[in-house]
Structure formats: C-alpha cells, structure tokens
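Trainee: With the input below, show me the fold.
(one chain, ligands or ions: 1)
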Amino acid sequence: MSFSDLGLLAYMNSVVDAVAYTDPTPIQEQSIPLILEGVDLIAKAQTGTGKTAAFALPVLQILTQNEPDAETCPVRALVLTPTRELAQQVADAFKTFETHLPSPIGIAAMIGGEDLDLQVAQLRSGVQVVVATPGRLLELVCSDLIDLEQLRVLVIDEADRLLALGFAEELGHLFEAFPVERQTLLFSATYPKKVVALTQQILRNPVQVNASGDMPTVANIKQRVIEVNALNRRPLLCHLLKAEDWKHVLVFVKSKRAARNLAAKLRRDGIRADEFHGDLWQDERTAVLRRFKQRSIRVLVATDIAARGIDIENLSTVVNYDLPRSPVDYIHRIGRTGRAGADGVAVSFVDHNDQAFFKIIEKRTRQSPPREQIAGFELKGAPPEKAKGQPPVKGKRPSKKDKARAAAARDSARSDETDDQDSD
Ligand code: AMP
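Mentor: Below you'll find the predicted structure:
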C-alpha cells in the first residue's frame, strides 16, 4: 500500500516524498484514512513505529483543506505530550512537514522551562498547531493567553505516560477548556485501566486501531542479557565500548544520582559521556540531547525520562545498566533503538539479585534471550538464599489488603530513589 492509497491529497504526497518515506508504516496505514474521515481514534502504537506522522500528516491535510479566519488565525490543532523533549520533537516533525506545504500554517511548542513571554508572542504571531505539555498549557489557559475556541483536532500522545506521570488533574482542567465539538485522537503504547477510563470520558464513538500486534517488543531489536556482578558493571561497560566498538550508546540507570556519578566516572575513563535527567534545566536538557544526536557525546547516561518518545537516529545500542522498574518501562527503554526498521541492540546487565525480576520482564515480553557472560567479567558468588520465614500461622496469613499495602510501601520506597519526571 502507498501513501496515496490512504486518502492523502497530491500536495501531501509531495510532503511524504520530500521526507523520503517510501511506504506507510502499519500504524500510518491504519490511522491516516480514519483520521481523514473525521472519526475519534484510539490507537495502540509504540514509539518508533511512525506514529507522529500517522497523526501529523492527516492533521495537516485537514487544516490546509479548511482555511481559518485569516484575521484571528486561531489554534486549530493541539497535541499533548508527556515530556518537553517529546513535545519539541513532535513540533519539529510538524515543522519539517510544513516546509513542504503550499503555504505555512504556524507550529509552536508550548513547554515548561522555557520563556513564557516568547511563547505568547509566538501564539500572537499566528499558530495553528500547538504541541504542549499539560502544565504549561494549563498556565496559558488559566491566564487567558491562549484561545482554544476554534480547536478542531486534539491529539493525546502517549496517554499512558501522561497519566503515569500524574497529569490526570491537569488534563481534567484542560478538557473543560476545549470545545466539545472536536475530533480527538488518542495514542498509547499500553492500555492500563486509567487510560481506558480516560478514553471513555473524552472520546465519542471512537474507532480502535492496533498496530503493535501481539508482540510487545519491537521485533528487530536484538536483546542481550549479560550476567555480571553489580560492582563490575562499569569496567564491563568500558570494555564493551572498546571491544565491540559501540559508537552511540544510551545507558539507563535508576536515579539522577546514578546518572551523574556514572557519567562523571566514564568521563574520567576518557569516554565522551554526559548525563540526562530531570534535575537539569530545560536548556541543558535540550543542549545535551542535541550534542548526543550530533554525536559529540558518545555515551548518554539517562534516567527513565529519556525512555519514552525520544527519537534518535541510528542509535545502535541501549544498555540497561540498572534494570527498569517495570516490564513496560523495559519495552519503552529498548524501543529507543531499532527505530523505523533499523537494527538495534538492547543490552541488560543482570546480577544475581536481578534474575527474578528479569524473569518477569521475559514473561511480559514473551522473549527469553540467552544469558551471556563476558570473559574477565564473569558473574561470581552464589545467588542469595531465599530467607526462610516463619511457617504461616493459620488465620495470620497476610490478607490481600496487607499484601497491597506492602507492595505500595515497596513501590514508594523505590520511587523516592528513582523518581524523575517533568513537573510541567
Ligand atoms: P515515531 O514513531 O513517530 O517517533 O517515528 C520514528 C521514526 O520513524 C522517525 O525518525 C520518523 O521520521 C520515521 N518514520 C516515520 N514514518 C516513516 C515511514 N513511513 N518511512 C520511513 N520512516 C518513517
């Protein structure tokens, strides 16, 4: 199937040619015709599958087909994203497509951590597509600095992540500001209960498309599991960088502190490394990401803030230096490589203590990569003995509630250590 079979008009096909997309990806094939029909959409798609173009191309066609009032030039399409980097990236994709349109339509990113006055000035100069993080948008809405009355299409990108990052309240307030008559498109890689509830609240007779199929991981990503003692991970990483000539590597760690420490130690070892996490100012985050994309940084040590949506071309290797908190995070992390059909490798370092959790990841991803050990860095010692507790006393076994409380306490202890999210 070609792009022209999807209902895109000749000038949109020129856009697609200009950016050198030859064939539509599965999510584009399924979503574009429906979006052009004007229906509400629930799309299940992972990042890296071409989902940005799946909504950006039809939205641009819808906007250019229906000219707005030239006097007011209102916002007519809005994309909400969970992180500032993703917002910037989506806005950049729109801008790239826009340069090949017959006439410009005005696109801007409204994100926290950047100059509000500048963004307001941009809005006044005429912007039809806004890509925003919820906090900054709410700030604009509450101060009457943005007019959304003529909003025609609303895209909620990475809805699962938006809700996981605690944006439900902001979204609730924002929906009050949106016109009821609109087309709503919701994209999410996973569908936890909160996302399902959101879809029921905000979509009208939605059509569902699913481009992720049954396989939860991207098929062309090779997964490697290397058994190594935690203390030996850094020497092993340095060894692999050299021995296997890893050129451009994203290394995930569990906390901001770990990112700072590991990046500093790698630099001390003579490796061009830097850190990426939520403690950096927005301009630092943008600059680090730019340098990584330009390859002046070879190893980027990041928290999970980089796990979703960041699109880095030709990123060949992702390393789970610390395992993620959940199988879903694992899927997102490794999805940073192998984008748009390219080959990629995801390497996980696993110590004795990680084995049980990695089994849960394997169950969820339905893949069991073989375990490897690297000469000179073999896993030493024995797995920790399972502590034998007292035999259960009848009537004193933990109830479901007790178990849930214990799990919540464990989770909050872990998130103190690992929490890294955007607050906008
Ligand atoms: P996304 O899932 O939107 O982050 O897209 C991932 C990458 O795929 C981006 O670098 C896009 O430019 C690229 N891409 C999107 N659609 C296509 C296509 N039809 N053919 C080739 N590359 C594509």
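Trainee: use CA for all of it now, contacts and neighbours both
Mentor: Will do.
Trainee: So Val288 sits against Phe276, correct?
Mentor: Yes - the pair Val288 / Phe276 is scored as a contact, 7.1 Å apart, by C-alpha atoms under 8 Å.
Trainee: More neighbours: the two, which one.
Mentor: Higher neighbour count among Val288 and Phe276: Phe276, with 25 against 19, using other C-alpha atoms under 10 Å.
Trainee: Ala93 versus Leu145, what's the distance?
Mentor: Computed as C-alpha to C-alpha, to the nearest Å, the Leu145 to Ala93 distance reads 25 Å.
Trainee: Which one's more surrounded, the two?
Mentor: Using other C-alpha under 10 Å as the criterion, Leu145 and Ala93 rank with Leu145 on top: 18 against 15.
Trainee: Quick check: closest non-adjacent residue to that one.
Mentor: Val120 (6.7 Å; C-alpha to C-alpha, 6 or more residues apart in numbering).
Trainee: Run through the bridge partners of Leu185.
Mentor: Counting by DSSP bridges, Leu185 is bridged to Leu41, Val155.
Trainee: and it, what is it in contact with?
Mentor: With contact set as C-alpha atoms under 8 Å, 6 or more residues apart in numbering, Leu185 has these partners: 35, 40-43, 153-156.
Trainee: farthest pair in the residues you listed?
Mentor: By the measure C-alpha to C-alpha, Ala43 and Val153 form the most distant pair in the contacts of Leu185, at 15.0 Å.
Trainee: Can you tell me which of the contacts of Leu185 is nearest the ligand?
Mentor: Closest approach to the ligand among the contacts of Leu185 (C-alpha to the nearest ligand atom): Ala43, at 12.4 Å.
Trainee: Look at Ile35 and tell me its secondary structure.
Mentor: Of the three states, Ile35 takes helix under DSSP: H, G, I helix; E, B strand; the rest coil.
Trainee: Distance-wise, check it relative to Met1.
Mentor: 17 Å.
Trainee: what about the two, which has more around it?
Mentor: Neighbour totals were compared for Ile35 and Met1, and Ile35 leads with 23 against 10 (other C-alpha under 10 Å).
Trainee: Which of the helices or strands spans the residue nearest to that one when sequence neighbours are not counted?
Mentor: Closest residue in space to Ile35, ignoring its immediate chain neighbours: Pro58 at 6.3 Å, by C-alpha to C-alpha, 6+ apart. Assigned by DSSP states H and E, Pro58 falls within helix 51-65.
Trainee: Over to Ala263?
Mentor: helix 256-268.
Trainee: can you list contacts of that helix?
Mentor: Contacts of helix 256-268 (C-alpha under 8 Å, 6+ apart): 234, 238, 252-253, 272-279, 300-303, 418, 420.
Trainee: ok, the closest residue to Pro192 other than its chain neighbours - contacts?
Mentor: Spatial nearest neighbour of Pro192, excluding adjacent residues (C-alpha to C-alpha, 6+ apart): Asp160 at 7.1 Å. Contacts for Asp160 (C-alpha under 8 Å, 6+ apart) come out as 188-192, 194-195.
Trainee: buried subset of those residues?
Mentor: 188-190, 195 (16 or more other C-alpha atoms under 10 Å).
Trainee: Quick one: residues contacting the residue in the stretch 51-200 of the chain positioned nearest to the ligand.
Mentor: With C-alpha to the nearest ligand atom, the shortest gap between the stretch 51-200 of the chain and the ligand falls at Thr52, namely 3.6 Å. Thr52 is in contact with 90, 93, counting by C-alpha under 8 Å, 6+ apart.
Trainee: what residues does the protein put near the ligand?
Mentor: 21-25, 47-53, 311, 339-340 (C-alpha under 6 Å from any ligand atom).
Trainee: can you pick the most crowded of these?
Mentor: Going by other C-alpha under 10 Å, Thr47 tops the residues of the chain next to the ligand with 25 neighbours.
Trainee: so Val228 makes contact with Leu379?
Mentor: Yes - Val228 is in contact with Leu379 according to C-alpha under 8 Å; the separation is 4.5 Å.
Trainee: what touches both of those two?
Mentor: Contacts common to Val228 and Leu379, judged by C-alpha under 8 Å, 6+ apart, are 351, 373.
Trainee: where's His173, which helix or strand?
Mentor: Going by DSSP H and E, His173 is in helix 168-177.
Trainee: by contact count, what packs against that helix?
Mentor: helix 134-142 (3 or more C-alpha pairs under 8 Å, 6 or more residues apart in numbering; DSSP states H and E).
Trainee: The helix it packs on: which residues count as buried?
Mentor: So, applying 16+ other C-alpha under 10 Å, buried residues of helix 134-142: 134-141.
Trainee: likewise stretch 320-327?
Mentor: Quick answer for stretch 320-327 (16+ other C-alpha under 10 Å): 320-324, 327.
Trainee: just the strands in the stretch 51-200 of the chain please.
Mentor: 77-80, 107-110, 129-132, 153-156, 183-188 (DSSP state E, counting those that start in this stretch).
Trainee: Mean neighbour count, those strands: which tops it?
Mentor: Among these, strand 129-132 has the highest mean neighbour count (mean count of other C-alpha atoms under 10 Å), at a mean of 27.
Trainee: Neighbouring strands - and their directions - for that one?
Mentor: strand 77-80 (parallel), strand 107-110 (parallel).
Trainee: Take the ones you listed and lay them out in JSON lines including mean pLDDT and distance to Val180.
Mentor: Compiled in JSON lines, the strands paired with strand 129-132 are given as follows (pLDDT from 0 to 100; distance: least, C-alpha to C-alpha, whole Å):
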{"stretch": "strand 77-80", "mean pLDDT": "98", "distance to Val180": "14"}
{"stretch": "strand 107-110", "mean pLDDT": "96", "distance to Val180": "22"}
